[in-house]
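Enquirer: below: sequence and its predicted model.
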Amino acid sequence: EAKSRASPGPMANLSDRVKLVGSAAALLVVIGLAFSRSSYAPSLLGSNLATNANELKLASWNMAAINNNPFEYWLTLSNEHYDSVMNSVQEFIMDPGEKDVKVKEVFTQAMFDELVSTMQHQGGQYDRDSIKAVTKLWKSDFSQRRIVSDFIRDGELGQKRLTSMPDRITNTVALRDGSFAYRPTVINCFAGSLDSTEEWWSKWRKFMFVDAIDTVKVGSKKPADMLAKIPRAKYPLLTVEEERISVPLQTLICAIFDCILVHMLNTLDAELLDGASQSALRAAPEGDQSWQGLRSQICHSLNLKKNDRILEILKDAYSDRDVISLQEVAGAFIERAKADKTLTQNFHIAAPVKRSASDQNSVVLLSKQRFPAGVIEDATNRLKFQDPKAIAAGDITLVRASDLFNRDFIIGSFHGDTNGLASIPLITAVAREAHRNELLILGLDANTYSSGVDGKKQDVLKFAEAYRRLKLDSCWGPIPNPEEFTTYNARTFLQPQLNKASSKAEIREKGDVNPKDFILFRQGTFNTEIVSKDNTGQREYVEEMVFPTLEFPSDHGVLSATLAFSDQWIK
């Protein structure tokens, strides 16, 4: 990671030195290639050193995927029990029938009484007046609701964030020692047993109210003390009273929600597997057959071992790339990548100087063969925006480098906002920053949509109009195909925001199936020879396959391209 240099004098001198190094390196490669014809050629002059002067191999990959909830998105798994469980959850929620019992039959009065007593001892935001108001709501409202039709499917609870807000804060908490604390719930990677609602309840109370955890963000706190009032100004459906009592209220809502999920999954497992208990299913000779075993399998591949698999894909399938632009990269992965001998032997790693507050960073990998001197300058802070708040720290990394053949480059990686509205301002700023004598390469998740809505969701063809106006081209050409999808996923019914859920049959219609990823360059500098997608980790793309999968832990495909330099840039 190179620091920015504002003064042109040292910059010019450094550039000259880089070009001198590049010339020397190019000469060594030529000598090496000639010498490699001899049987006595040194082993370091392998095939990867035969860098083709007149083509550039690129890849761009948003490597984020499942966050905390292993059941949040539909997955492609070679596991029949997974489809059975997820389809049963969908049926339970959409047509519960007699299973739609009252909340007090699942989250019992005894549980509520224990919760009230625990909140009273907690103090702080759990004041007596608020707890008294929540008790009235329990008696008159929540205890009498049906668990599915009146609670799980209550869209107003979602819009008020009374379920999703406490879940977001306490679901999976990063600790200072590098580990995580998990709230006992179905929708994270909690490793303990949840064989019954009674067992869940004792563990849930202990997690929320008894033990302080040493968190990265707020220091040592009990999870219950991490909850904050939900502002009515931001979520206007909240009443004035609900805002006032929102801490104990969201605590109750979160407890009921988690309890219903444990009840539902254990009930469905018993139905699907001939009435077997959770303990019997987990002790089965053929391996854990319970929903908890299924969750463990998913967590192992997509959460706990995700970084291992990402590194494996980069090293095994994309080590031949000259540039790799990565998006939504966690800080832990950056440190892991820098410590990986194989990756660092092949690539310079350029990460944001100022990291993302949401731990979603854009990173550039530069081939040490193509760019022996690495990063000359980090140009990220040189970018100028009309609305600086539109781009957060870590969203863009932009660097300057010179290749083995003395060509100057400006190379970037960018992750757009959810609706893609920051993508056009970003590419505008990058195009303005690029010098005439520089080759521009930008790999990005533009978050564009096949069918956009002006001012709300960035339409892919209107994004293309914008990059053409800037004299840019893309690996997809000047007019991309709106159905050249690089995402193919959808949320299940096993997550707090049911308004975003879809059945497996509705994934194409209601899911995130869109052409989001691009590699941009200046018009007239390159011709696209090869462009391909990958959703397997083996440089293959299976159309209409839902991903992530256990083998491919991202919800974006890898986009790769081989570009041929235009005549004026040929060496």
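Expert: Noted; the coordinates are in hand. Note that the structure is a prediction, hence the values are computed from the model and not measured.
Enquirer: which ones are touching the nearest residue to residue 301 once chain neighbours are set aside?
Expert: Nearest residue to residue 301, sequence neighbours excluded (Cβ to Cβ, 6 or more residues apart in numbering): residue 550, at 4.1 Å. In short, each C-beta sits where N, CA and C put it, glycine included. With contact set as Cβ atoms under 8 Å, 6 or more residues apart in numbering, residue 550 has these partners: 75, 77, 297-298, 301-302.
Enquirer: dump those residues to CSV, plus pLDDT, secondary structure and distance to residue 122.
Expert: Conversion of the contacts of residue 550 to CSV gives the following (pLDDT from 0 to 100; DSSP: H, G, I helix; E, B strand; the rest coil; distance: Cβ to Cβ, whole Å):
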residue, pLDDT, secondary structure, distance to residue 122
75, 91, coil, 38
77, 85, coil, 41
297, 89, helix, 36
298, 91, helix, 34
301, 83, helix, 37
302, 84, helix, 34
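Enquirer: dump those to TSV, plus neighbour count and distance to residue 205.
Expert: Rendered in TSV, the data for the contacts of residue 550 read as follows (neighbours: other Cβ atoms under 10 Å; distance: Cβ to Cβ, whole Å):
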residue	neighbour count	distance to residue 205
75	23	32
77	18	33
297	18	28
298	22	27
301	22	31
302	22	29
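Enquirer: which one among the residues you listed gets closest to residue 206?
Expert: Sorting the contacts of residue 550 by how near they are to residue 206, with Cβ to Cβ, puts residue 298 at the top with 25.2 Å.
Enquirer: neighbours around the nearest residue to the closest one once chain neighbours are set aside, how many?
Expert: The shortest distance from residue 298 to any residue that is not its chain neighbour, by Cβ to Cβ, 6+ apart, is 4.0 Å, and that residue is residue 70. When neighbours are counted by other Cβ atoms under 10 Å, residue 70 registers 23.
Enquirer: isn't residue 70 right up against residue 302?
Expert: Yes: under the criterion of Cβ atoms under 8 Å, residue 70 lies in contact with residue 302, with a separation of 6.3 Å.
Enquirer: tell me the strands beside the strand or helix carrying residue 530, with direction?
Expert: Secondary structure assigned from DSSP states H and E places residue 530 in strand 526-534. Partner strands and pairing direction for strand 526-534 (DSSP bridges) are strand 558-565 (antiparallel).
Enquirer: please save the CA atoms from the strand it pairs with in CSV.
Expert: As requested, C-alpha coordinates have been extracted for strand 558-565 and formatted as CSV (Å, rounded to 0.1, in the frame of the first residue of the first chain):
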residue,chain,number,x,y,z
VAL,A,558,-16.3,-14.0,-10.8
LEU,A,559,-16.0,-11.8,-13.9
SER,A,560,-12.9,-12.3,-16.0
ALA,A,561,-11.6,-10.9,-19.3
THR,A,562,-8.6,-11.0,-21.6
LEU,A,563,-8.1,-7.7,-23.3
ALA,A,564,-5.8,-7.1,-26.3
PHE,A,565,-4.0,-3.8,-26.4
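Enquirer: buried residues, that strand. List them.
Expert: When burial is assessed from 16 or more other Cβ atoms under 10 Å, strand 558-565 yields the following buried residues: 558-565.
Enquirer: kindly report the same for stretch 131-142.
Expert: Of the residues in stretch 131-142, those with enough neighbours to count as buried (16+ other Cβ under 10 Å) are 131, 133-135, 137-138, 142.
Enquirer: now residue 448: closest residue in space, sequence neighbours ignored.
Expert: residue 460 (4.0 Å).
Enquirer: ok, now which ones touch that neighbour?
Expert: 446, 448-450, 452, 480, 482, 514-515.
Enquirer: which members of these occur in strands, if any?
Expert: Restricting the contacts of residue 460 to those inside strands, with DSSP state E as the criterion, leaves residue 514.
Enquirer: report the separation between the residue nearest the centre of the chain and residue 160.
Expert: Nearest to the centroid of the C-alpha atoms of the chain, with distances taken as Cα atoms, centre = their mean, sits residue 64, at 2.7 Å. Here the criterion is Cβ to Cβ, to the nearest Å. By it, residue 64 lies 27 Å from residue 160.
Enquirer: same thing with residue 482?
Expert: For residue 482, the distance to residue 160 equals 36 Å [Cβ to Cβ].
Enquirer: those two: which has the busier surroundings?
Expert: Relative neighbour count places residue 160 above the other of residue 482 and residue 160, with 24 against 17, counting by other Cβ under 10 Å.
Enquirer: state the mean pLDDT of the strand holding residue 530.
Expert: For strand 526-534, the mean pLDDT works out to 97.
Enquirer: quick check: buried residues in it?
Expert: Buried-residue list, strand 526-534, by 16+ other Cβ under 10 Å: 526, 528, 531, 533-534.
Enquirer: ok so, going back, nearest to residue 52 among the buried residues of stretch 131-142?
Expert: residue 142 (66.5 Å).
Enquirer: how about the closest one, nearest residue that isn't a chain neighbour?
Expert: Of all residues not flanking residue 142 in the chain, residue 103 sits nearest, at 5.9 Å (Cβ to Cβ, 6+ apart).
Enquirer: quick check, pLDDT for the residue nearest to residue 479 when sequence neighbours are not counted.
Expert: The shortest distance from residue 479 to any non-neighbouring residue, by Cβ to Cβ, 6+ apart, is to residue 464 (5.8 Å). According to the model's per-residue confidence, residue 464 sits at a pLDDT of 98.
Enquirer: ok, now residue 471?
Expert: At residue 471, pLDDT is 98.
Enquirer: count of neighbours near the spatially closest residue to residue 230 that is not a sequence neighbour?
Expert: With Cβ to Cβ, 6+ apart as the criterion, residue 230 has its nearest non-adjacent residue at 4.4 Å, and that residue is residue 246. Neighbours of residue 246 under the rule other Cβ under 10 Å: 27.
Enquirer: show me what contacts residue 246?
Expert: Taking Cβ under 8 Å, 6+ apart as the criterion, residue 246 is in contact with 162, 229-230, 238.
Enquirer: and it, how far from residue 189?
Expert: To residue 189, residue 246 is 27 Å away according to Cβ to Cβ.
Enquirer: do the same with residue 502
Expert: Taking Cβ to Cβ as the criterion, residue 502 is separated from residue 189 by 24 Å.
Enquirer: same check on residue 537?
Expert: For residue 537, the distance to residue 189 equals 22 Å [Cβ to Cβ].
Enquirer: helices or strands up against whichever strand or helix holds residue 293?
Expert: Residue 293 is located in helix 291-299, with elements delineated by DSSP H and E. With contacts taken as 3 or more Cβ pairs under 8 Å, 6 or more residues apart in numbering; DSSP states H and E, helix 291-299 sits against helix 80-94, helix 246-272, helix 278-282.
Enquirer: can you put the ones you listed in CSV and add distance to residue 314 and mean pLDDT?
Expert: Shown next, in CSV, are these (distance: least, Cβ to Cβ, whole Å; pLDDT from 0 to 100):
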stretch, distance to residue 314, mean pLDDT
helix 80-94, 27, 90
helix 246-272, 35, 95
helix 278-282, 35, 61
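Enquirer: no further queries at this time; thank you.
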